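Enquirer: prediction below, plus the sequence it came from.
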Amino acid sequence: MTITPADWQSREALILAPWAMHAHASRGRVHAEQPHPFRSPYQRDHDRIVHSAAFRRLAHKTQVFTAYPGDYHRSRLTHTLEVTSIARTLARALSLNEDLVETLALAHDIGHPPLGHAGEDTLNELLAGEGGFNHNRQALRIMEFLETRYPQFPGLNLSLEVLEAQATRKRDGTAPPPLLETQVVDAADSIAYDTHDADDAIELGLLTLDELIELPLVADAAARVRDRYGLLIGVELRRAVLHELVDFQVAELISCARITLAAESINSVALVRAFFTTSASPGGGRIVTPSDLVATGKQQLEQFLFQRVYRSEQVMRVRVAVQDKISRLFGWYCQRPAEMPAGYRQRALDMGAPRSVADYIAGMSDRYLDWEYQRCLGVG
Ligand code: MG
């Protein structure tokens, strides 16, 4: 049996809601390509991300915790997979385009440099005179320019909706209002990192479950766990509470989104975008957004994590070491651009060494950065 574009079009017509982004309505790609005989445009985008070097390197990039012993905590890749899993659940429940949602989720963090936000902040300072550095902008550079896999074009030549979604993450007001597929991934990212950072932080001894349960959002989850399972303690209780925290937020988002879609009679992508622009709702025109009560609970949780985890003495101590390591390697390469691989060497000539060196360092995994630091500067 031959599968043709007509097959995926009719499949999408069957399962997607009118507010979903249908692949046949895509604005296409910067470099026009022939339709694939059996993959939809967004399936191709998904596969291009999975096969990219930038995606593979997420396996060895820091999410939050860098130099701790143990192998429990999330890497940038496992964070990405948790986001993708949550986003797919949301997408299916809302009859959105799962191919597009998975693409956006898998790609959303490919612009992160090694060593987490400390790495990003350091590169941003080093490029202060060159327009700065931001992981969301960097993801677009990778998609459009840096990743070279195909002879016909630079970058990955992804569908314009994928580039547009990534552009909304820059939050500089230049992107069109976000599709529901984009909103789902943003919401899933937030649910994933709030809960898994709390889980990792407890595992690493930065906070206790009892402290976490003092927060209203977590206390409610713990009460539901108690109703369902009776008395749990220790790690069993922790896993049940954090699972409930994800499950509850996902269910709540689906319910809120369905209410808004019905109340606002939204039955097209155009109306999704129009609602974003004109709505005065607390969700800022987002349809996939929690209720005020849950949003407040999330804010409290995030403030708590900021104080107790992201600004903890252990994380801040690593931060200083990261800044020093990246700054020294950056300076070393800026003096010796010829030491970089051919593409980066050429771009150092075309656009100046600092930006090309930042592109090179940003692409490194944590461990490759360590190897390079050792090789170039002779220290570990
Ligand atoms: Mg993320």
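Expert: That came through, no problem. Numbers count the residues shown, from 1 in each chain.

Enquirer: neighbours of the nearest residue in space to residue 282 that is not next to it in sequence, how many?
Expert: For residue 282, ignoring the flanking residues on the chain, the nearest one in space by C-beta to C-beta, 6 or more residues apart in numbering is residue 292 at 5.7 Å. No exception for glycine: its C-beta is placed from N, CA and C like everyone else's. By the criterion of other C-beta atoms under 10 Å, residue 292 has 11 neighbours.

Enquirer: likewise residue 260?
Expert: 18.

Enquirer: what helices or strands is the helix or strand harbouring it leaning on?
Expert: Using DSSP states H and E, residue 260 falls within helix 234-263. Secondary-structure packing of helix 234-263 (3 or more C-beta pairs under 8 Å, 6 or more residues apart in numbering; DSSP states H and E): helix 76-93, helix 180-203, helix 209-213, helix 216-229, helix 292-305.

Enquirer: tell me what the following helix or strand past it is packed against?
Expert: Per DSSP H and E, the first helix or strand lying C-terminal to helix 234-263 is helix 269-278. If contacts are counted by 3+ C-beta pairs under 8 Å, 6+ apart, helix 269-278 sits against no helix or strand.

Enquirer: need the contact partners of helix 269-278.
Expert: With contact meaning C-beta atoms under 8 Å, 6 or more residues apart in numbering, helix 269-278 is reached by 19-21, 25, 176-180, 260, 264-266, 284-287.

Enquirer: which of those count as buried?
Expert: Among these, the ones that count as buried by 16 or more other C-beta atoms under 10 Å are 19-21, 177-180, 260, 266, 285-287.

Enquirer: I'd say residue 222 and residue 238 touch.
Expert: No. Using C-beta atoms under 8 Å, residue 222 is not in contact with residue 238, being 9.9 Å away.

Enquirer: for whatever helix or strand residue 48 lives in, buried residues please.
Expert: For residue 48, the host element (DSSP H and E) is helix 41-50. Buried residues in helix 41-50, counted by 16+ other C-beta under 10 Å: 41-46, 48-49.

Enquirer: export the residues you listed to CSV and tack on pLDDT and distance to residue 117?
Expert: Below are those laid out as CSV (pLDDT from 0 to 100; distance: C-beta to C-beta, whole Å):
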residue, pLDDT, distance to residue 117
41, 96, 33
42, 97, 30
43, 96, 32
44, 97, 32
45, 98, 27
46, 98, 27
48, 97, 27
49, 98, 22
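
Enquirer: quick check, nearest of the buried ones among the contacts of helix 269-278 to residue 350?
Expert: Relative to residue 350, the closest of the buried ones among the contacts of helix 269-278 is residue 178; by C-beta to C-beta it sits at 32.9 Å.

Enquirer: mind listing what that closest one touches?
Expert: 165, 168, 186, 276, 286.

Enquirer: okay, residue 227 and residue 236: tell me how far apart.
Expert: Residue 227 is 16 Å from residue 236, where distance means C-beta to C-beta, to the nearest Å.

Enquirer: I'd like the distance from stretch 367-380 to the chain centre, please.
Expert: When C-alpha coordinates are averaged (C-alpha atoms, centre = their mean, to the nearest Å), stretch 367-380 and its chain have centres 28 Å apart.

Enquirer: next one: stretch 213-231
Expert: 28 Å.

Enquirer: in it, what's buried?
Expert: So for stretch 213-231, counting by 16+ other C-beta under 10 Å, buried means 213, 215, 217-218, 220-222, 225.

Enquirer: about what we covered before: angle of the helix holding residue 48 against helix 76-93?
Expert: Interaxial angle, helix 41-50 versus helix 76-93 (axes from the mean of the first three to the mean of the last three C-alpha atoms, to 10 degrees): 170 degrees.

Enquirer: and the contacts of the helix or strand following helix 41-50?
Expert: Downstream of helix 41-50, the first helix or strand assigned by DSSP H and E is helix 53-56. Here helix 53-56 makes contact (C-beta under 8 Å, 6+ apart) with 49, 77, 106-107, 110-111, 142, 146-147, 363.

Enquirer: for the chain, list the residues in contact with the ion, please.
Expert: Contact residues, the chain versus the ion (C-beta under 5 Å from the ion): 109, 189.

Enquirer: ok, 8 Å please
Expert: 76, 79-80, 83, 108-109, 189, 192-193 (C-beta under 8 Å from the ion).

Enquirer: can you tell me how far the residue nearest to residue 282 is from residue 299?
Expert: Remark: distance between residue 292 and residue 299 (C-beta to C-beta) = 10 Å.

Enquirer: equivalent analysis for residue 234, please.
Expert: Counting by C-beta to C-beta - residue 234 and residue 299 are separated by 28 Å.

Enquirer: the two - which one has more neighbours?
Expert: residue 299 (11 against 8).

Enquirer: got the contact list for the residue most central in space within the chain?
Expert: For the chain, residue 108 is the residue whose C-alpha lies nearest the centre (C-alpha atoms, centre = their mean; 3.4 Å). For residue 108, the contact set (C-beta under 8 Å, 6+ apart) comprises 80, 83, 139, 166, 169, 185, 189.

Enquirer: can you redo those as TSV with pLDDT, distance to residue 245 and neighbour count?
Expert: As requested, the contacts of residue 108 are exported to TSV (pLDDT from 0 to 100; distance: C-beta to C-beta, whole Å; neighbours: other C-beta atoms under 10 Å):
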residue	pLDDT	distance to residue 245	neighbour count
80	97	19	26
83	98	15	25
139	97	27	23
166	93	28	24
169	83	24	23
185	98	19	32
189	97	15	22
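
Enquirer: show me the shaky parts of this protein.
Expert: Scanning the chain for pLDDT under 70 picks out 1-3, 67-69, 379-380.

Enquirer: repeat the analysis, applying 80 as the threshold.
Expert: Where the chain drops to pLDDT under 80, the residues are 1-6, 64-71, 170-173, 280-283, 379-380.

Enquirer: filter the contacts of helix 53-56 to the buried ones?
Expert: Applying 16+ other C-beta under 10 Å to the contacts of helix 53-56, the neighbour count classes 49, 77, 106-107, 110-111, 142, 146-147, 363 as buried.
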